[in-house]
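S.K.: I'll drop the sequence and a predicted model, then ask my questions.
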Amino acid sequence: MKAARGWLLDLGGDPVPFAEAWELQKSLVAARQRGGIPDVLVLLQHPPVVTLGRSGRAEHLRATREELLSAGIELFRIERGGSATYHGPGQLVGYPIVDLRVMGGDVVRYMRTMEESLIQTLGQFGIAAVRERGYPGVWLGGAKICSVGVAVKRGVTMHGFALNVATALDGFALINPCGLDRPVTSMSAVLGRPVDLGEVRRAYPEQFSRAFGIDLTPVTAADLAQAHALV
């Protein structure tokens with residue numbers, strides 16, 4: 001079967017504020033819903049921020065909103081599944097904007113496919129990560145190395161995954177990650193050496209394409225604006 005066409009929007013480099021990326025996702029979802037753009041994979045990193053998903057509760061935070069803000073960490077309650085997640089520099093964040101009709105609207109299949117793309121990417125770096133039944137995300141030795149959480153709006157996905165590449169893990173002490181009270185790790189911690197975020201960011205799109213059957217063409221934010229895709 002011929003691969004579907006899609007776009008890769010790589011916003012690598014400086015961390016992108018969460019609110020800015022959130023608005024971008026909403027614009028891309030609306031454009032995808034009306035057929036103005038193909039499926040899109042957005043890759044970026046965020047400055048320190050904590051997000052609470054639909055099942056997130058106050059007890060999943062180990063600091064108050066005021067304490068977070070005083071430490072320079074924003075807090076957002078958002079529409080994805082799951083509870084508390086921390087984002088920070090050195091973490092590869094991926095937001096696939098995908099029309100789920102290609103998967104028969106099967107959200108579980110979509111989640112497992114995304115996890116598989118991340119497991120295969122980690123395998124390229126010599127990390128044998130796995131799924132854990134009943135616990136979304138990607139795991140290694142009982143510690144979470146990648147969080148996943150999505151929302152679906154009129155058949156189109158938003159939010160996605162956060163892969164800990166060289167993330168400072170002390171940020172996770174501010175939350176009970178996903179409400180599970182389980183440890184978190186990173187690629188750098190597992191391998192015992194620095195791992196370049198750019199190298200992982202360049203490796204991931206191939207695994208995404210293989211898993212989802214989407215042939216990605218790189219685009220820029222300027223390309224999107226020029227095509228009036230988000231108007």
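M.R.: In hand now; what should we look at? Numbers count the residues shown, from 1 in each chain.

S.K.: mind checking the longest helix of this protein?
M.R.: helix 107-124 (DSSP state H).

S.K.: Report the secondary structure state of residue 92.
M.R.: strand (DSSP: H, G, I helix; E, B strand; the rest coil).

S.K.: Tell me which helix or strand the residue lying closest to it once chain neighbours are set aside sits in.
M.R.: Once flanking residues are discounted, residue 92 sits nearest to residue 163: 4.4 Å by Cβ to Cβ, 6 or more residues apart in numbering. Just so you know, the C-beta spots here come from the backbone N, C-alpha and C atoms, and that holds for glycine as well. Per DSSP states H and E: residue 163 is located in strand 156-164.

S.K.: and that strand with helix 107-124, angle?
M.R.: Taking axes from the mean of the first three to the mean of the last three Cα atoms, to 10 degrees, one finds that strand 156-164 is oriented at 30 degrees with respect to helix 107-124.

S.K.: buried stuff in the longest helix of the chain?
M.R.: 110, 111, 113, 114, 115, 116, 117, 118, 119, 120, 121, 122 (16 or more other Cβ atoms under 10 Å).

S.K.: ditto for stretch 17-35
M.R.: Buried residues in stretch 17-35 (16+ other Cβ under 10 Å): 18, 21, 22, 24, 25, 27, 28, 29, 30, 31, 32.

S.K.: Kindly report the same for stretch 34-54.
M.R.: Residues 37-46, 48-53 are the ones in stretch 34-54 that count as buried (16+ other Cβ under 10 Å).

S.K.: For the lengthiest strand in the chain, name the packing helices and strands.
M.R.: When the chain is parsed with DSSP state E, its longest strand is strand 143-153. Here strand 143-153 touches helix 107-124, strand 135-140, strand 156-164, going by 3 or more Cβ pairs under 8 Å, 6 or more residues apart in numbering; DSSP states H and E.

S.K.: Dump stretch 102-109 to CSV, restricted to CA.
M.R.: Output in CSV follows, covering the C-alpha atoms of stretch 102-109 (Å, rounded to 0.1, in the frame of the first residue of the first chain):
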residue,chain,number,x,y,z
VAL,A,102,-7.1,6.0,8.4
MET,A,103,-7.1,3.8,11.6
GLY,A,104,-10.8,3.3,11.7
GLY,A,105,-11.1,5.8,14.5
ASP,A,106,-9.3,3.3,16.8
VAL,A,107,-7.6,5.5,19.5
VAL,A,108,-6.1,2.5,21.3
ARG,A,109,-4.4,1.3,18.0
